[in-house]
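Asks: Turn this into a model:
(chains A, B, C and D)
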Amino acid sequence: MDLALSEEQELIRETFAGFFSNESSLELVRECEPLGFSADLWKKFAETGALGMGVPESLGGGGTGLIEMALVAEECGRQLAPVPFVESAVAARLLARLEAPDALEAALEDAAPLALALRLVDDSPGQRIPAGAVAGSVLALRGGALVRVSRPPGWEPDCPKNHGSAPIASWPLAEAPGEVLAEGERARAEFDTAVEEWKLLTAAALVGLGRESVRLGAEYAKGREQFGAPIGSYQGIAHPLADCATAVDGAQLLVWEAVWAREDEPERAPALASMAFAFAAESAARAATVSLHTHGGYGFSLEYDVQLYFRRARAWPLVWDDPRRELQRLADRLYGPSRS
Amino acid sequence: MDLALSEEQELIRETFAGFFSNESSLELVRECEPLGFSADLWKKFAETGALGMGVPESLGGGGTGLIEMALVAEECGRQLAPVPFVESAVAARLLARLEAPDALEAALEDAAPLALALRLVDDSPGQRIPAGAVAGSVLALRGGALVRVSRPPGWEPDCPKNHGSAPIASWPLAEAPGEVLAEGERARAEFDTAVEEWKLLTAAALVGLGRESVRLGAEYAKGREQFGAPIGSYQGIAHPLADCATAVDGAQLLVWEAVWAREDEPERAPALASMAFAFAAESAARAATVSLHTHGGYGFSLEYDVQLYFRRARAWPLVWDDPRRELQRLADRLYGPSRS
Amino acid sequence: MDFRLTPEAQEFYDEVCAFFDEHLDAETIAREERTGDGFDRAFHEALAERGWVAADWPKKFGGQERDAHEMYVLDQEFLRRGCPRNTSVTTGLVGNTLRVVGTERQKRELLPGIASGRIVISLGYSEPQAGSDVAAAQTRARREGDHWRIDGQKMFTTGAHLTDYIFLLARSDASGGKRDGLTMFLVPTDSEGFEAQAVPTLGGERTNLSFYSGVRVPDWLRVGEVDGGWDVMKVALSLEQGVGFSGSAETLHRRALEWAERAGRLDDPLVRERLARTALNAEVGKLLEQRAVWMTAEGRPMRAEGPMCKLFTSEALIEDAGSLLDMLGPDALESGGGPTSPAAAAVEFFQRYAQGTAIYAGTSEIMRSLIAEQGLGLPRSRSG
Amino acid sequence: MDFRLTPEAQEFYDEVCAFFDEHLDAETIAREERTGDGFDRAFHEALAERGWVAADWPKKFGGQERDAHEMYVLDQEFLRRGCPRNTSVTTGLVGNTLRVVGTERQKRELLPGIASGRIVISLGYSEPQAGSDVAAAQTRARREGDHWRIDGQKMFTTGAHLTDYIFLLARSDASGGKRDGLTMFLVPTDSEGFEAQAVPTLGGERTNLSFYSGVRVPDWLRVGEVDGGWDVMKVALSLEQGVGFSGSAETLHRRALEWAERAGRLDDPLVRERLARTALNAEVGKLLEQRAVWMTAEGRPMRAEGPMCKLFTSEALIEDAGSLLDMLGPDALESGGGPTSPAAAAVEFFQRYAQGTAIYAGTSEIMRSLIAEQGLGLPRSRSG
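Replies: Residues are numbered from 1 along each chain as shown, chains lettered A, B, ... in the order given. Coordinates of the predicted model:
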């Protein structure tokens, strides 16, 4: 066990912590509601090279691993940055693995984000695609083939107002023309890998969201006095925050382990990924709820920032699924599929 | 809505509260472990007429309704009385409904408790029967017939040591001779009624257990000082007890309503019975757990009484089933059976 | 023992349903979902015309002498239907307080106006620095002849942009203990120096920050004794006993069940468990509420029964709304509505709305402390 | 970043497994389940012979200079196998405290005995009136020439009926503040006036009430300065950092899974969810523990990481044991065993055993307060 980040990893973390603190204020987050996307921030963010960070250097990327991307996702989540980092970066890696250099190059240079349809098009033609509201193209598994669907000219997505102000949208995936990138077993395997990476980086973002929720609650509890004492000196306030801080720390370790295992303990990686997703989702939801209530009436007012965290905490994982269904998937991965 | 007990009901409650406080000390409860039965207390208890209280006066009983029996069960639970009141009283009512006067008379005069096998013998021949370890006869549904099986001469039940020190045992139900009391649809309907009554009275006993657990915890928290103050002045101790007190009050109301509904709102009665059983089980388990931990190290020592409550809180409902499976039964009763 | 509505309450319930069917139109609900005002004057006046704004009052004040059971039926129907409700609740509360502690003139001049729907009133207890610790109020009241001069600000003055009076807790003497030196007033909202500023909330309700700059209030609008405001507050707070949200839980359950049926997911044990749990919690909440109602109606002394209603129903609503939102999976992302929106969006609404129920009229932490102290006899866990 | 055991710890783990396979026989486990002693002399001596009683110590004291990673591997294997463990933990803890604050004579005369397995030691911190508030100890120590006279009693002196010394917190001066005037001693259990009385527990472990009536302890067995006992306690308590029970969670999961397989219930979603939840919690607990181990090994300063291990693993064990017991349905009623009993009875054992893990070595309430204060910077919620 060695939890030390390398110097390069520390640098990445600090760089993006600074970037989001400076560039993605919570005022910006509010301004970007309900769409959940800042074209301006996106542009600046793209200039850091973060979108291709997980793409091999030979293909024009940064050549880092998934763990470095998880560090960036965590900072994204901490500041609720209105940029679809997770979707674009995962999709870029998918293009790289598929050896689609033209599409990749276009994607890395393109102004518009890339998105990934998380479910099979054949099963869920109307699925809401994360980042679909702002993406220039969507990668999807359709009829057994991995296809890249470009935004149809003149078509505008319908972006439903949603709990987490996430830029989700349905695309005409079933009928739109698409460039076939891979077929057969390989298409399926690479698609599955991309979905797993999306889940892991989303879990990392939820860790950042959960940690910042706890911090906001603790800060408020230190400063707010009632009955002649800071409310943080009442165990009714302090103890739930302590539980949340513990869970968020656990979630971070679990996400890191699940990412690490993809290369180093591949036989445990699928179960760990399901654990990480479910636990990060629960921990973030609980942390944001406890933090909101720590703020008393102010937590319920839109003026305070904690409500921004509260809404996203449950919305981000739900783009994929109910966390309790992920526990059933975990059981499938641990014990084999259910025969019922 | 009228929650007032009638004068007669108040009298019953006070009488049995007094009876169990005087006759069923927690020292006696300890002495009766692990079997969970005091023949002496049973004799005194039988003399009160409680076993036949729910049997029509014309058949030699007390002629009360199920609600009066629930009041007695609650007092049983409060004091963890080592007598199988619920089993015997429910079985006596079953005999009365089946118009089996000889069996009923024998049961009410007999020295040995009556028991009820809660599951179909054909499905669960080896089921552990509540009160089976000490019963003189068992009522069971076997091959579609309701039968009364007397304790085979010379046969001694195997009484497994168990979490709640309950007098459970398996009987040779599949092969022992039995007196047929009813057959066909009527047998099934009366059996189902008896099981429902058993569940409701067990829920009532759990309410008494839960309420007394909270009281023990609160008493300890008032008297125990740490860090210069009674531990009950710390919200980390006080607030969980408040949650438990609330849940136990809710469970009591729900049990009463479920019992009341059997006559007055029969169409809601099945769902209310499942609600009452599941909620009483959960509330009692939580109250006993919180109370145990309120006691700190003393709660973990066998010397303090709270552990007696802790072990029974989960064991009593488990004689029937997992409370979460009862929630599935509740769903069946609310939404119709699942087609999956 | 009887768990039915009393015959009178059952009869009243049927009337109430017919009334809501007639007067609560989709437009009113839509306006409420859009504005979060918690008040609709036309609906309120229709309610008053029917004699139901102060239905529990003596006839001489324009009431119908309805008992606690009947009032409960009316209140829960507001919740179940998602009807604008906040101002009705606060107005009724202040009216009832005036009936206990008001002067003859106050009763004469104000109660008929309340009952007839012309006068509506907001609560002005909390301040930016005095939330749960409401007795720490710093808004100043200084006597100037036959008037009082009020300076300060109040937080969470729900309805203040529409109501006629604020029932205000102010500090008239800062020299003594926290609960001494408080005085209560009815501050007309058309006074010079009064201002209400919108505070939008997560649940869509609008509340307000209200400002008082040299507001002049005639002494006859003082409620209770000078420096005796805490005694008035005790009366007012005791009237809040037994507030609960089981009606919301019922609606949440109904809407989530509707989703499960339409989505073809009603055979999934994880779906069934969460729906059944919500139905169970709604039933327990209703019973706790009905117990408090019954005790009120019978004049039985209450200890912790009121706070138990509030604590259980709000915490269960939070738990169930979150768990049902998760249950929806990706369908959970449809949002932006109210309780009558399409089923998935209604569940999303409850996930936001539920949070407020554990905050206003006393947080869950305060409720737990009250239950521990009044119900279990534990020592106080906070000073003051 | 690397989540594997270090190569040294992996190698050590293999050796540890082989050792347990050889020396921990069914009889030893059965005896432990029967007596709850938490100590088996034969096993302890075998462990000492292998050099593992004080494996982390310098070679000159009989140790092997093993690092925190290796010590963790050893400790969790005790838990996973249900091996008698308590006395090994307390003896190691006191030995390590002596290495930091002991006199030369104490190190010379006691450490070799500890390492060789001849000397085992219990903790004598808690008293009937001083549990979580351990600094409120009232057991008196009075100086009499080159000896001290000890009078009082201690609670939860686990192992005291078998061990050679009690590591005792006593009040040497009652005139000052609570944490002043404390002094620590090693009290030989063969002293006149010492007595241990069994206190059986819900988890089957035996602990003790220990009595001290005019017990004479030579001054050389005083640990730390006179009236400086709290400084010694701080060292001892810091060495308890990072205690966790993920090994127990793993065993609980394994045994409950075994039940589900045998009972043919592994296709039930409610069964699958609870098993998966336990596996998840065991993993999180292990990671929190390994983080604390890593920080210890690296000499990184810890804030709340230690209490987080204790809080999470014990509370999750309580939650999971209860939920898995329910999962068993009527099978849950088989009981009376230990972790190696038939599967259902093992789950029942964990339901009892789990409760203790949230109590000894600091209750969950204390852990939450430590995390709030040290991890989140919140103010203290209790005096003293």
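
Asks: need the contact list for the residue lying closest to A:K43 once chain neighbours are set aside.
Replies: Excluding its sequence neighbours, the residue lying closest to A:K43 (CB to CB, 6 or more residues apart in numbering or on different chains) is A:A111, at 7.1 Å. For glycine as for every other residue, the C-beta is placed from the backbone atoms N, C-alpha and C. Listed by CB atoms under 8 Å, 6 or more residues apart in numbering or on different chains, the contact partners of A:A111 are A:42-43, A:46, A:136.

Asks: farthest pair in those residues?
Replies: A:K43 and A:G136 (13.4 Å; CB to CB).

Asks: Which one's more surrounded, those two?
Replies: Taking neighbours as other CB atoms under 10 Å in any protein chain shown, A:K43 and A:G136 compare with A:G136 leading, 15 against 11.

Asks: low-scoring stretches of chain C, by residue?
Replies: Along chain C, segments meeting pLDDT under 70 span C:383-384.

Asks: Helix or strand: which one has the residue nearest to A:M53 when sequence neighbours are not counted?
Replies: Excluding the flanking residues, the one nearest A:M53 by CB to CB, 6+ apart is A:G62, at 3.7 Å. Counting by DSSP states H and E, there is no helix or strand that carries A:G62.

Asks: measure A:G62 to D:R206 for me?
Replies: Distance from A:G62 to D:R206, counting by CB to CB, to the nearest Å: 60 Å.

Asks: what about these two, which has more around it?
Replies: D:R206 (21 against 18).

Asks: May I have the residues that are in contact with A:R188?
Replies: By CB under 8 Å, 6+ apart, the residues touching A:R188 are A:141, A:144.

Asks: Over to A:A4?
Replies: Counting by CB under 8 Å, 6+ apart, A:A4 touches D:1, D:298.

Asks: in a helix, that's where it is, yeah?
Replies: No: with DSSP: H, G, I helix; E, B strand; the rest coil as the criterion, A:A4 is located in coil rather than a helix.

Asks: how about the strands of the stretch 1-150 of chain C, start to end?
Replies: With DSSP state E, counting those that start in this stretch as the criterion, the stretch 1-150 of chain C has strands at C:121-124, C:140-144, C:147-154.

Asks: need these in TSV with distance to chain D, can you?
Replies: Below are these laid out as TSV (distance: least, CB to the nearest CB, whole Å):
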stretch	distance to chain D
strand C:121-124	31
strand C:140-144	30
strand C:147-154	27
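
Asks: nearest to B:V55, of those?
Replies: Closest among those, using CB to CB: strand C:121-124, at 56.2 Å.

Asks: so how far is that closest one off the chain centroid?
Replies: 11 Å (CA atoms, centre = their mean, to the nearest Å).

Asks: what do you get for stretch C:149-165?
Replies: Centre-to-centre, stretch C:149-165 and its host chain are 16 Å apart (CA atoms, centre = their mean).

Asks: That one and chain A in contact?
Replies: Yes: counting by CB under 8 Å from any CB of the partner chain, chain A has neighbours in stretch C:149-165: C:155-156.

Asks: quick one: buried residues of that stretch?
Replies: Neighbour-count burial for stretch C:149-165, counted by 16 or more other CB atoms under 10 Å in any protein chain shown, picks out C:149-165.

Asks: List, one by one, the residues from the stretch 1-150 of chain A near chain C.
Replies: Residues of the stretch 1-150 of chain A lying near chain C (CB under 8 Å from any CB): A:34, A:127-128.

Asks: could I get those as TSV with neighbour count, distance to D:A358 and pLDDT?
Replies: Formatted as TSV, the residues of the stretch 1-150 of chain A next to chain C follow (neighbours: other CB atoms under 10 Å in any protein chain shown; distance: CB to CB, whole Å; pLDDT from 0 to 100):
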residue	neighbour count	distance to D:A358	pLDDT
A:P34	14	44	94
A:Q127	20	44	95
A:R128	26	42	95
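
Asks: and those residues as JSON lines, adding secondary structure and distance to C:K59?
Replies: As requested, the residues of the stretch 1-150 of chain A next to chain C are exported to JSON lines (DSSP: H, G, I helix; E, B strand; the rest coil; distance: CB to CB, whole Å):
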{"residue": "A:P34", "secondary structure": "coil", "distance to C:K59": "51"}
{"residue": "A:Q127", "secondary structure": "coil", "distance to C:K59": "61"}
{"residue": "A:R128", "secondary structure": "coil", "distance to C:K59": "57"}
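
Asks: Looking at these, which is nearest D:V271?
Replies: Among the residues of the stretch 1-150 of chain A next to chain C, A:Q127 lies closest to D:V271 (CB to CB), at 30.3 Å.

Asks: all strands for the stretch 151-300 of chain C, in order.
Replies: So, for the stretch 151-300 of chain C - with DSSP E, counting those that start in this stretch - the strands run C:165-171, C:182-188, C:194-200, C:206-218, C:222-223.

Asks: Show me the one of those strands that comes nearest B:A284.
Replies: Ranking the strands of the stretch 151-300 of chain C by proximity to B:A284 (CB to CB) places strand C:206-218 first, at 39.7 Å.

Asks: Where does pLDDT dip in the stretch 51-200 of chain A?
Replies: Using pLDDT under 70, nothing in the stretch 51-200 of chain A is flagged.

Asks: In it, which residue sits closest to chain B?
Replies: Among the residues of the stretch 51-200 of chain A, A:D123 lies closest to chain B, at 18.6 Å counting by CB to the nearest CB.

Asks: And that residue, its phi and psi?
Replies: Per-residue torsions, A:D123: phi -80, psi -40 (degrees, to the nearest 10).

Asks: Only the buried residues of stretch A:233-244, if you could.
Replies: Residues A:233-244 are the ones in stretch A:233-244 that count as buried (16+ other CB under 10 Å).

Asks: Next: stretch A:329-336.
Replies: Within stretch A:329-336, the residues that count as buried by 16+ other CB under 10 Å are A:329-335.

Asks: Look up how far B:L308 lies from C:Y212.
Replies: 59 Å.

Asks: From the neighbour counts alone, determine which of the two ranks first.
Replies: Using other CB under 10 Å, the more surrounded residue of C:Y212 and B:L308 is C:Y212, with 25 against 21.

Asks: Just list the residues touching the more buried one, thanks.
Replies: C:139, C:150-154, C:168, C:187, C:193-194.

Asks: quick one: contacts for A:Q235?
Replies: Counting by CB under 8 Å, 6+ apart, A:Q235 has contacts B:234-237, B:239, C:381, D:365, D:368-369, D:381.
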